[in-house]
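Trainee: Here is a sequence with its predicted model. Questions after.
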Amino acid sequence: MRQDGRRRLTVTRERANEFDLGSRVRSLRMSRSLTLRDLASQAGVSASALSKIENNRLSPTYETIVRISEGLGVNIDALFSQTDIEGEKGRRSITRKGEGQIFENAAYRYEMLCTDLVAKAMIPLKARVKANETWEVKNFVRHPGEEVLLVLSGEIELHTELYAPVVLRAGDCTYLDSSMGHLCVLHGKSDAEIFWVCSSQRVVDLVRRAG
């Protein structure tokens with residue numbers, strides 16, 4: 001009985017910081033007076049899929065999240081924050097262990113870090129690549145910017161359209177152009193965990209134009 005109680009407590013704590021991405025997308029869409037069809041057209045995502053995402057009946061891939069953020073005209077981090085306030089100089093954010101915003105789909109479990117700061121030039125997160133999935137290298141992911149991946153545990157296989165596949169193990173790091181087709185899949189039988197930082201190209205472009 002005690003073990004069951006501890007298990008229920010663990011589940012409750014894990015779900016406590018699970019982020020309601022669907023409600024956030026709907027809120028941002030409505031604040032911009034966009035219909036489902038408007039956003040679907042701007043994001044390149046079907047209206048039916050977008051409706052399912054808003055109602056939390058479909059977990060989008062990272063590529064779809066990028067498309068939705070571009071359709072809304074916001075950075076990815078704004079989708080995982082409850083504020084639209086632009087950042088100022090001298091900012092700082094701390095995310096304690098296990099307290100990031102959780103987003104999960106069939107293949108990955110993401111923990112978005114430092115979500116209290118919006119309009120960041122970098123998007124930090126931790127990703128767990130699940131071992132209970134059948135991995136197939138199909139469609140590469142492409143999005144603006146650059147990214148760094150550091151493998152914390154386990155092993156992943158990095159596929160890119162310009163290079164041969166490579167296995168990355170705990171402690172290995174890669175830096176890549178995000179606009180190049182790429183995909184990370186599990187290598188081995190155990191989950192892998194990655195620390196992942198993506199640049200937000202939209203913010204970088206604004207900074208450059210502002211001098």
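Mentor: Cool, the structure landed. Numbering: from 1, shown residues only.

Trainee: low pLDDT regions in the chain?
Mentor: 1-18, 82-89, 133-138, 200-211 (pLDDT under 70).

Trainee: Centroid-nearest residue for it?
Mentor: Nearest to the centroid of the C-alpha atoms of the chain, with distances taken as Cα atoms, centre = their mean, sits residue 62, at 5.3 Å.

Trainee: what's the nearest residue to it if we skip its chain neighbours?
Mentor: Leaving aside its chain neighbours, residue 62 sits nearest to residue 141 (6.4 Å; criterion: Cβ to Cβ, 6 or more residues apart in numbering). To be clear about C-beta, it is placed using only N, CA and C from the backbone, and glycine gets the same treatment.

Trainee: How much space separates the one you found from residue 189?
Mentor: Separation of residue 141 from residue 189 (Cβ to Cβ, to the nearest Å): 24 Å.

Trainee: before we move on, the earlier item: give me the number of residues near the residue nearest to residue 62?
Mentor: Counted with other Cβ atoms under 10 Å, the neighbours of residue 141 add up to 16.

Trainee: what sits opposite it in the beta ladder?
Mentor: Counting by DSSP bridges, residue 141 forms beta bridges with residue 182.

Trainee: need the contact list for residue 125.
Mentor: Applying Cβ atoms under 8 Å, 6 or more residues apart in numbering, one finds that residue 125 lies in contact with 100, 110, 111, 112, 113, 195, 196, 197, 198.
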